[in-house]
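In: generate coordinates for the sequence data below:
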Amino acid sequence: MNLYKKLILEGRLEDAKEYFKNEIGDSWPYTEEGSPYHHFLQGVNLEDRFNLFVENDPSPNNKYLKWMINAYLSELHGINPVDVYSAVQKFHMNLDRLTPDFMYNILDVSPKIKKSPKDINSYEYLSELERVVDELENVLTRKEKEKQIKKEKDIIYQDDTWLIIKPKTHQSSCYYGAGTKWCTTAKSDEYFKKYTDRGVLYYVIKKEKTSDNQEFKLAFFKDFPTKYNPLPIPSWYDMEDRRVDNNTVNLITSMLPKEAVDNINKTYTLEVEKQKIDDYITLDELVDVINDDIRNQGGVKFNTESGVWELTTLSSGETYLIHNTDLAFKVDFFPSNEYFISVNNLLKDMSSSSMGSFVIHENGIDWSLGDLFTNKELGLPKFTHFKEMFLNKKIIKIYRFRIDYPTGIFLRSVLLPNLRTILSTEAIKNLTKQDIKLWQPSRHNTSISFKYPPKKGSLTQIFVDFVKNNPGKTRKEFYDYIGREYRPGNNSEFFATINNAGIVQMERSGRQFVYTLGPNYKAWTEGRLGKI
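Out: Numbers count the residues shown, from 1 in each chain. Next up is the predicted model:
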């Protein structure tokens, strides 16, 4: 870099930083009370923010730096600096495409931008720049789209008459299946993924149109072999998505060159072998997913008889159980890729006690002194079942649209029941000085909870007071009491859930069900009732 260019670059850096400092004031690099930026930049080291913008300015001479700082400060509601410099990077990368013709088709931008779209200073607000760069990314020419889509397939066979392809993406499926009613070419990619997850999909296309000037396309699908279907039979579909009968299939295959049929069979065999090699993830890979999900959630809090605990994973990958006292445990999921979970107490004064460590395995929970606690709800599932549920890639693909899979199911059905047993022992309750009564709703994702005291005028408050003052009454009598018409099914989830919670209990009396205060009523009023 020659001296002149170096001086310009240093000058721009210094000017931009000086502008930033002047906007913030004497409290630089932090804001102070009274600053218009304080409410969203409080505690932020702006020296670090400045360096972040410098590092991510895509120009060779930092010509966008001052604009980025100004855009960052203009968003008085607060904004992630990544949003600022990523928009600038996209703008810089697509400068050549900011032609008058392109800008003519964009609505809702100022005349200044339309006149000088390549000048970053024409954009007064970040939202204006984002509007243009979003359009730049969305508006690809038809040739660019087709060029990309044509790459997203495997050619199985091709000659002057036939083209046989295996679409690799939904876009490619729609392109080569254009003019058909195949579900794999629908607007949603749901069916395309469903078919390609469980088998191999081919499109057989005749290059020339038929004598009546119609296209000729066929879809050919074959499931992967399974234990229950070891020799899957292929299915053929015409352009109307109708199943082709066996006689027609034989006629079609006889028309295809032998090499085309051989290539289809060869490709299918290779895909099957590929599936066999890579059917399951490892325990270590599952642990990575679980740790990432726990970390992304900011920890998982859950109730036990010894109080509320939080399962939290650090960036290092270590997972801990933390109570609001000094009590803490370290949790190791499947150490050394072996099928057990260890839970170790971190307090030195408990290292030699029976509460020092636990091992959760297939047979139950082993306590550190050698005692084994077993019942049908304790321990890990048999590994064969666990493997199919959590490590089988096909199952994972089936459930991939479940936002809580596999972490949520693993926590609810495997981990938390065991941890809750460990943390609900008398020894742990003595340490936390808490004794909580737990209840489990019949529907795990119910939104109903019962805080004490209940909100005045709420259904919880009115119903519990009614039961307390009128034990042995029916639900209909309660509705008569509050002056509302009773219909079976009214607030059924509420009544089932408050009964689950043990705040009230429902018992049969003759041909009716009546209510009295439940076994957990006292714990509820003392703030000792927790929901699983």
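In: when you work out contacts or count neighbours from here on, use the C-alpha atoms and nothing else.
Out: Noted.
In: count of residues packed around residue 129?
Out: 22 (other Cα atoms under 10 Å).
In: do you know the pLDDT at the residue lying closest to it once chain neighbours are set aside?
Out: Once flanking residues are discounted, residue 129 sits nearest to residue 123: 6.1 Å by Cα to Cα, 6 or more residues apart in numbering. With respect to pLDDT, residue 123 has a value of 93.
In: do the same with residue 373
Out: So residue 373 comes in at 57 (pLDDT).
In: then residue 163?
Out: On pLDDT, residue 163 comes in at 95.
In: ok, it - contacts?
Out: 155-157, 204-207 (Cα atoms under 8 Å, 6 or more residues apart in numbering).
In: how near is it to residue 203?
Out: Residue 163 sits 8 Å away from residue 203, taking Cα to Cα, to the nearest Å as the criterion.
In: what about residue 316, how many residues nearby?
Out: 7.
In: output the lowest mean pLDDT helix or strand found in the protein.
Out: strand 372-373 (a mean of 56; mean pLDDT, DSSP states H and E).
In: so where's the protein shaky on pLDDT?
Out: Counting by pLDDT under 70, the chain contains low-confidence residues at 1-11, 76, 107, 139-143, 145, 276-278, 346-356, 368-377, 397-404, 444-445.
In: break it into its domains for me.
Out: Following automatic domain parsing, one gets these domains for the chain: 3-138, 144-277, 283-434, 459-531.
In: next, format the ones you listed as TSV and append distance to residue 449.
Out: Compiled in TSV, the domains of the chain are given as follows (distance: least, Cα to Cα, whole Å):
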stretch	distance to residue 449
domain 3-138	34
domain 144-277	36
domain 283-434	13
domain 459-531	7
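In: which one of these lies nearest to residue 443?
Out: Among those, domain 459-531 comes nearest to residue 443, with 8.6 Å by Cα to Cα.
In: measure residue 343 to residue 314 for me?
Out: For residue 343, the distance to residue 314 - Cα to Cα - is 16 Å.
In: between the two, which has more neighbouring residues?
Out: When residue 343 and residue 314 are compared for neighbours, residue 343 comes out ahead with 23 against 14, by other Cα under 10 Å.
In: for the helix or strand harbouring that one, packing partners?
Out: Taking DSSP states H and E as the criterion, residue 343 maps to strand 341-345. Strand 341-345 sits against strand 328-333, strand 357-361, with contacts defined as 3 or more Cα pairs under 8 Å, 6 or more residues apart in numbering; DSSP states H and E.
In: who does that strand pair up with?
Out: Using DSSP bridges, the strands paired with strand 341-345 are strand 328-333 (antiparallel), strand 357-361 (antiparallel).
In: just to revisit the earlier point, adding secondary structure, write the contacts of residue 163 out as TSV.
Out: Shown next, in TSV, are the contacts of residue 163 (DSSP: H, G, I helix; E, B strand; the rest coil):
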residue	secondary structure
155	strand
156	strand
157	strand
204	strand
205	strand
206	strand
207	coil
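In: which of those count as buried?
Out: 155-157, 204-206 (16 or more other Cα atoms under 10 Å).
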